Structure formats: C-alpha cells, structure tokens
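K.L.:
fold the stuff below for me.
(2 chains)
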Protein chains: 2
Amino acid sequence: MYVIVVYDVSVKRLNRVRVFLKQYLNWVQNSVLEGELTKAEYMKVHSHLKNIIDEDEDSIFFYHVRDKMYLGFDELGTRQSEIDTII
Amino acid sequence: MYVIVVYDVSVKRLNRVRVFLKQYLNWVQNSVLEGELTKAEYMKVHSHLKNIIDEDEDSIFFYHVRDKMYLGFDELGTRQSEIDTII
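P.N.:
All right, here's what the predicted structure looks like:
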C-alpha cells in the first residue's frame, strides 16, 4: 500500500515522531512523509505512533491507496531540503 | 475527484492561501485541506495558488483520487479546532 502521513504534533514530541517515521517513509514536505508499506509495516507504524504521541494534543492522519497508480499528484513551488525544517 | 492539499507556505502568505483554499475545501488539520472538486475547480484552485504563492519559497502538494472510495484513511489523536491554528 502507498501511504501519506501528515502530522501536527507538539514540538516536545516532534523529533521523536519524525525520526521514527523516517525509518519507514520518505520525508517530502514539512510534516508530510510518504512511501510504500506492507500491511504489517503500516500496522506497526500506526501502533507505535499511538504510543509516542499524546492523543489529547497531537494529530496524525494516514491516507492510503492500495496501489500508487490510484493516486494523482501535482505540486507547486519548491521542495525545501529537510535540513531547513529540523528544529 | 477527491483532493487533499498540503501546504508549507511562508507566514506572509499563509492567511491568503488558507482563506482561498477554504472556499473550495474543508480544513482538516493544520496545513491540510480536503474535499471533492470538479476537474474545472481543481484547475482553478491550482492556477490561482500558482499566482499567490512565491514558488521559490513555498510548497503546495495536491494528492487526488478519482473517487474517494479509493482512498483509505486512519487517524490518531485529536483534531484541533481551526481557531487554534490561526495566526
């Protein structure tokens, strides 16, 4: 499955969430990662994030399609290098 | 088509981008909006954003599927009310 993860997480937990997600997905924009995951990996990512975030304060969205061919994509502007967004 | 827009835009243009996008899509998370658009609306949104952003500094991603049924979705945590994120 092809997965897009978008997060809005408190600064306190931001780095932990980002470092964890980067083990599985590619960073594409500030607070957005995407990539191919197996169903098992997806479940693992989901359940681990559930443990590290504060569910009263943080929000993580997972959009996914069975195959990337179902997903259209366009972009405007410039992708920043990841280093610019690390706090 | 069902569209997800994720933006990383300079604070200077943030409000203009947000206000414009909210005419067409639903705000769902800080910097993320989604909703159903016709192809014509999509083209209009895309070309208007191209005019209002600075393509050297800002980045906007458009993910889209032909029908929402192709898009899986899960979420963790709490959705903030939009008012919390307005600068």
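
K.L.:
drop to CA atoms for contacts and neighbour counts, all remaining ones
P.N.:
OK.

K.L.:
around chain B, which positions in chain A sit nearby?
P.N.:
With CA under 8 Å from any CA of the partner chain as the criterion, chain A comes near chain B at residues A:8, A:29-30, A:50, A:53-66, A:70-80.

K.L.:
cutoff 7 Å now
P.N.:
Counting by CA under 7 Å from any CA of the partner chain, chain A comes close to chain B at A:8, A:30, A:50, A:54-65, A:70-79.

K.L.:
then the longest helix seen in chain A to PDB, C-alphas only?
P.N.:
The helix that spans the most residues within chain A, counting by DSSP state H, is helix A:39-52. Extracted in PDB, the C-alpha atoms of helix A:39-52 (Å, rounded to 0.1, in the frame of the first residue of the first chain):
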ATOM      1  CA  LYS A  39       0.100  -4.000   5.700                       C
ATOM      2  CA  ALA A  40       2.200  -5.300   8.500                       C
ATOM      3  CA  GLU A  41       4.500  -2.300   8.400                       C
ATOM      4  CA  TYR A  42       1.500   0.000   8.300                       C
ATOM      5  CA  MET A  43       0.100  -1.600  11.500                       C
ATOM      6  CA  LYS A  44       3.400  -1.300  13.200                       C
ATOM      7  CA  VAL A  45       3.800   2.400  12.300                       C
ATOM      8  CA  HIS A  46       0.300   3.100  13.400                       C
ATOM      9  CA  SER A  47       0.600   1.300  16.800                       C
ATOM     10  CA  HIS A  48       4.000   2.700  17.600                       C
ATOM     11  CA  LEU A  49       2.900   6.300  16.900                       C
ATOM     12  CA  LYS A  50      -0.100   5.700  19.100                       C
ATOM     13  CA  ASN A  51       2.300   5.000  21.900                       C
ATOM     14  CA  ILE A  52       4.600   8.000  21.400                       C
END
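
K.L.:
elements contacting the helix or strand just after it?
P.N.:
Note on helix A:39-52: by DSSP states H and E, the next helix or strand toward the C-terminus is strand A:59-65. Applying 3 or more CA pairs under 7 Å, 6 or more residues apart in numbering or on different chains; DSSP states H and E, one finds that strand A:59-65 contacts strand A:2-8, strand B:72-77.
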